[in-house]
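Engineer: With the input below, show me the fold.
(2 chains)
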Amino acid sequence: MIRTTGLTKRFGGLTAVDDVDFELGENQLCSLIGPNGAGKTTFFNLLTGTLAPSEGSVEYRPRDGDWVDVTDDDPHETALRGIHRSYQITNVFPTATALENVRVAAQAHGGDAWKLWRNVGAFPEYEREAREILERVGLGAEAETPAETLSHGQKRHLEVAVALAGDPNVLLLDEPTAGVSSDAIDRLVELIRDVAEDHAVLLVEHNMDIVMDVSDRVAVLHQGELIADGNPQAVREDRTVQEAYLGGYDPGEETNAGGDAGTGGEAA
Amino acid sequence: MTDVGEEPETESTGGYLRRLLGEQAVHIAVILAFALYPVVYAVLVRTPLGAEFDVFLPRVHTMVAVLYIGLFAMSFDFISGYTGYLSFGHSLFYGTGAYLVVLTATGKVPMLGSDTPFMALLLVAGILAVAVAVLVGLVSFRLTGVYFAMITLGFAEVAHVFIRNWDHVSSNPRDGATIAGGDGFALGVPGVDTLQVEIGRIVGTNLGAVFGLGLGIEVDETWVSFYAIGAVVVVCYFLMQRIVHSPFGRVMIAIRENEERARAVGYDVYRFKLAAFAISGFFAAVAGGLFAGYSRSVAPSNTFDLFHTAEALLAAIIGGFGTLAGPLYGYLFTASVEGVLSTEHHGIARYLRRGLSDAMLSSGAGGVTVADAIGVLVDGRADLYLGIVFILFVLYVPHGILGTLRDRLGGTVAKRLSDRLRSTFGGRHR
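Structural biologist: Predicted coordinates:
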């Protein structure tokens, strides 16, 4: 669905993303992991056109289509093509209702936004789509609640709901579980699993239990470089990955990675 | 929120009309109140308490200013209140409209004769302002926040300096230009011109018989201007209101709420902002044109000046940012306060000096007499009190009059009230 070739982004002397070749397949759920500062969010910004790469290219292939170069697209153009993202820090329309948040996002894809002589009520299809999405993410009962008064967990669901509007093909989810308490996290994981059924998903996630649980594939960024890319089991056993990042992760087998425990771990 | 789309299709025409009347009840009431105001005012000042009413009620002349400056303030709110971009150079568009009208009337605009109908002039003024807004916006919307406000202010100041020194305007451009003598503008609305409805210096002879209604009220040109300008303002308000409630308007609000996310969900925000700015400029220029048509003279100080934008800002803060209609009420409030505290004969200072006895006026404590107090605290001190009101509103009523009212009612006043009416009358028209 989306692939990068030699993608590089330099900020002055710092290379945030370094020569990354990456491809995300249809309906695949790939987790992108790496310690803080590894370049994950920069990578997202390059994919959506928020940042222009220093080198390399981004290509996108819609369902039943051919590869197109989207390297120079603006964020709204990649969004209209079908590449949507959610944010690590909740980034919605705060005083609008949950429904309006999703409705306005759905409206962006219909081509009706310039009809300034028509009433919004003349386009019930966007509201219908928004209500369906809110049901799907479990916010059906909160449709009329202003986004800013939702609980943190609900805001994280709304964040995903806004990204779902407009039927994207590729979903880039930037840490949807950030700051969510452990008892509410299960529902978010369910939601991620659910949306991965009919979207290609690239997920940034720090919680290794979740990564190992939901991913079809795991890619590891370290200092801007893609150091591993493969099925979860293989990545977990990869020595370079363990040294760079996974040192602390150990589901019960104390002898496995104990030696590297001090080098990486999950930064706050 | 809205159930317009689910309305039964079989609804009869009568039912539709009744529903429309219900939904528009507040609008109709407000328009009626404005329309009846000159008559009510004229009647009230003839009652025994006429002197008091004369002091506390805004005069018709003031109400005309409320209409055109109110429209200017609404156009300011359209861009600033709905997209969140403070257009501190908004007087640029107002001035463009005002100068276009006066320069055309004095025959100084190529291709437009001095006999161009007023409505056509307003349209030309609006289109010219759209062009100016697009040029200014192309540069200014590369910036956000306070930098946007500053650069639009800069553009307006450049225009201000230019117009002060452009000797094409008149031999003394600093004093602006005046339309010398002659008749008022023909409106250019078919069927209306025959009634001799003209803006500015008008002889409203035919209308006098209609509106006078045997109450002994003289209908002068101010009245005719009030209704003619009022009609334009009402049309402009409904046009802007229509846009605000359109899908486009929702994008404007999305940009105000979170521009980054609006872009990320697929809106080319730069273009939307530019279009909103151009629309806002259009209506600001219409307001300026109305002002010029009414006063028949323009000067840099009452059109292009920064303080003119500040007036719209004050009206928007008091009336409610992002409420569209609010700024009109905000300016009605400030204009009323200014009228009451005016130094002129209809001000409260002269009223007190007339009404209080000499003994009262010369009494006092600590060497300060009542007359002194009136002179210092009341006479022409509107700016002082409005400044205090402004601060109080910013601190304690951040949503303004109309915004706070909407928060209380949980929706726009027009919608809430019609809902209440509907439930009171037991859904008869469903």
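
Engineer: can you confirm B:His345 is in a helix?
Structural biologist: No: B:His345 is assigned coil when assessed by DSSP: H, G, I helix; E, B strand; the rest coil, not a helix.

Engineer: ok, it - how many residues close by?
Structural biologist: By the measure other C-beta atoms under 10 Å in any protein chain shown, the count of residues near B:His345 is 11. Backbone N, C-alpha and C define where each C-beta goes, glycine included.

Engineer: List the backbone torsions phi and psi for it.
Structural biologist: Taking degrees, to the nearest 10, you get phi -70, psi -20 for the backbone angles of B:His345.

Engineer: Now do the same contact list for it.
Structural biologist: By C-beta atoms under 8 Å, 6 or more residues apart in numbering or on different chains, the contact set of B:His345 is empty.

Engineer: if we go to 10 Å?
Structural biologist: B:54-55, B:351, B:354 (C-beta atoms under 10 Å, 6 or more residues apart in numbering or on different chains).

Engineer: What's the separation between it and B:Ala51?
Structural biologist: Counting by C-beta to C-beta, to the nearest Å, the separation of B:His345 from B:Ala51 is 11 Å.

Engineer: got it, and B:Leu21?
Structural biologist: 39 Å.

Engineer: what's the answer for B:Thr412, then?
Structural biologist: Counting by C-beta to C-beta - B:Thr412 and B:Ala51 are separated by 39 Å.

Engineer: So which of the two has more stuff around it?
Structural biologist: Higher neighbour count among B:Thr412 and B:Ala51: B:Thr412, with 18 against 14, using other C-beta under 10 Å.

Engineer: For burial, what's the neighbour tally of the closest residue to that one other than its chain neighbours?
Structural biologist: Closest residue in space to B:Thr412, ignoring its immediate chain neighbours: B:Arg406 at 5.8 Å, by C-beta to C-beta, 6 or more residues apart in numbering or on different chains. For B:Arg406, the neighbour count with other C-beta under 10 Å is 21.

Engineer: List the buried residues for the host helix or strand of B:Arg406?
Structural biologist: Taking DSSP states H and E as the criterion, B:Arg406 maps to helix B:400-409. Buried residues in helix B:400-409, counted by 16 or more other C-beta atoms under 10 Å in any protein chain shown: B:400-406.

Engineer: what is the rounded mean pLDDT of it?
Structural biologist: Mean pLDDT, computed over helix B:400-409, is 87.

Engineer: then that helix to PDB, C-alphas only?
Structural biologist: What follows is helix B:400-409, C-alpha atoms only, in PDB (Å, rounded to 0.1, in the frame of the first residue of the first chain):
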ATOM      1  CA  GLY B 400     -19.600  38.100  24.900                       C
ATOM      2  CA  ILE B 401     -23.300  38.800  25.200                       C
ATOM      3  CA  LEU B 402     -24.600  36.500  22.500                       C
ATOM      4  CA  GLY B 403     -22.000  33.800  23.100                       C
ATOM      5  CA  THR B 404     -22.900  33.600  26.800                       C
ATOM      6  CA  LEU B 405     -26.600  33.500  26.000                       C
ATOM      7  CA  ARG B 406     -25.900  30.600  23.600                       C
ATOM      8  CA  ASP B 407     -23.900  28.800  26.200                       C
ATOM      9  CA  ARG B 408     -26.800  29.200  28.700                       C
ATOM     10  CA  LEU B 409     -29.400  28.000  26.200                       C
END
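
Engineer: Next, work out how far apart the residue nearest to B:Thr412 and B:Arg142 are.
Structural biologist: B:Arg406 sits 34 Å away from B:Arg142, going by C-beta to C-beta.

Engineer: again with A:Arg63
Structural biologist: As judged by C-beta to C-beta, A:Arg63 and B:Arg142 stand 36 Å apart.

Engineer: now B:Thr47
Structural biologist: B:Thr47 is 59 Å from B:Arg142, by C-beta to C-beta.

Engineer: Likewise for A:Arg3?
Structural biologist: 32 Å.

Engineer: Quick check: closest non-adjacent residue to the spatially most central residue of chain B.
Structural biologist: With distances taken as C-alpha atoms, centre = their mean, the residue of chain B nearest its centroid is B:Gly70 (1.2 Å). Of all residues not flanking B:Gly70 in the chain, B:Leu328 sits nearest, at 3.5 Å (C-beta to C-beta, 6+ apart).

Engineer: quick one on the thing from earlier: CSV please, covering the contacts of B:His345 and showing secondary structure.
Structural biologist: Output for the contacts of B:His345, formatted as CSV (three-state DSSP):
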residue, secondary structure
B:Asp54, helix
B:Val55, helix
B:Tyr351, helix
B:Arg354, helix
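
Engineer: List only buried entries from the residues you listed.
Structural biologist: B:54-55, B:351.

Engineer: Tell me the one of these nearest chain A?
Structural biologist: B:Val55 (41.2 Å; C-beta to the nearest C-beta).

Engineer: ok, is stretch A:108-116 in contact with chain B or not?
Structural biologist: Yes: against chain B, stretch A:108-116 shows contacts by C-beta under 10 Å from any C-beta of the partner chain at A:108-116.

Engineer: That stretch: how far from the chain's middle?
Structural biologist: On the basis of C-alpha atoms, centre = their mean, to the nearest Å, stretch A:108-116 sits 25 Å off its chain's mean C-alpha point.

Engineer: go on, stretch B:73-87?
Structural biologist: The chain centroid and the centroid of stretch B:73-87 are separated by 13 Å under C-alpha atoms, centre = their mean.

Engineer: can you check stretch A:5-16 too?
Structural biologist: For stretch A:5-16, the distance to the chain centre is 20 Å (C-alpha atoms, centre = their mean).

Engineer: That one: end-to-end distance?
Structural biologist: Stretch A:5-16 has its terminal residues 15 Å apart, counting by C-alpha to C-alpha, to the nearest Å.

Engineer: Would you mind confirming that A:Val104 makes contact with B:Tyr267?
Structural biologist: Yes: using C-beta atoms under 10 Å, A:Val104 is in contact with B:Tyr267, at 8.5 Å.

Engineer: Hmm, B:Asp419 is touching B:Leu409, no?
Structural biologist: Yes: counting by C-beta under 10 Å, B:Leu409 is a contact partner of B:Asp419 at 9.4 Å.

Engineer: about what we covered before: can you tell me which of the contacts of B:His345 has the lowest confidence score?
Structural biologist: For the contacts of B:His345, the pLDDT minimum is B:Arg354, 78.

Engineer: residue ranges of the helices in the stretch 251-400 of chain B, please?
Structural biologist: B:259-264, B:269-295, B:306-319, B:326-340, B:348-355, B:358-362, B:370-373, B:382-396, B:400-409 (DSSP state H, counting those that start in this stretch).

Engineer: Highest mean neighbour count out of the ones you listed?
Structural biologist: With neighbours defined as mean count of other C-beta atoms under 10 Å in any protein chain shown, those peak in mean count at helix B:269-295, which reaches a mean of 26.

Engineer: and the residue nearest to B:Ala65 when sequence neighbours are not counted, what does it touch?
Structural biologist: Nearest non-adjacent residue to B:Ala65, counting by C-beta to C-beta, 6+ apart: B:Ala335, 6.2 Å away. By C-beta under 10 Å, 6+ apart, the contact list for B:Ala335 reads B:58-59, B:62-63, B:65-66, B:69-70, B:311, B:315, B:382.

Engineer: Quickly note the distance from B:Thr412 to A:Asp194.
Structural biologist: The value you get for B:Thr412 to A:Asp194, if C-beta to C-beta is used, is 37 Å.

Engineer: now do B:Ser87
Structural biologist: As for B:Ser87, its distance to A:Asp194 is 45 Å (criterion: C-beta to C-beta).

Engineer: out of those two, which sits in the more crowded spot?
Structural biologist: B:Ser87 (33 against 14).
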